[in-house]
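>>> turn this into a structure:
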Amino acid sequence: MIALAVVSAAVSTLNVGIAGLADRWDELFALCAQQRPNSLRSTFVIVTAEKVELVDADQLSRERPAIVIPCEPIVNRLWTAAFSSVVEQSQAPLPFAPQAIGGAAR
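All right, here's what the predicted structure looks like:
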């Protein structure tokens, strides 16, 4: 789910062509599948011409051109959507009394 949201961010925000980096997206899905969602909060997705990788913030490199996508806002958005506190509504009273249906032994 997180990998898909990263791809969506790259395509919609950065106007990156999804087909042009299709091989990289497959790598991204494989990398994210190996991680726990909470561990991805502190990482960045780095997409270069050669590979895609998950890198901690303190290990970001400035040596080569790359697309850099922070995972923290994506993980936080998905976490909030999945686990937001939903206010439970009490059940409305039934307009008729419940009744058992079906017979005894058939």
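
>>> lowest confidence element among the helices and strands of the chain?
helix 2-14 (a mean of 80; mean pLDDT, DSSP states H and E).

>>> which SSE is immediately downstream of that helix?
On the C-terminal side of helix 2-14, the closest following helix or strand by DSSP states H and E is helix 22-33.

>>> and that next one, what's buried?
Neighbour counts over helix 22-33 (16 or more other Cβ atoms under 10 Å) mark Arg24, Trp25, Leu28, Leu31, Cys32 as buried. C-betas here are computed from N, CA, C, even on glycine.

>>> of the residues you listed, closest to Ala66?
Arg24 (11.0 Å; Cβ to Cβ).

>>> need the contact list for the closest one.
Arg24 is in contact with Val47, Lys51, Val52, counting by Cβ atoms under 8 Å, 6 or more residues apart in numbering.

>>> which among those gets closest to Ala19?
Val47 (14.1 Å).
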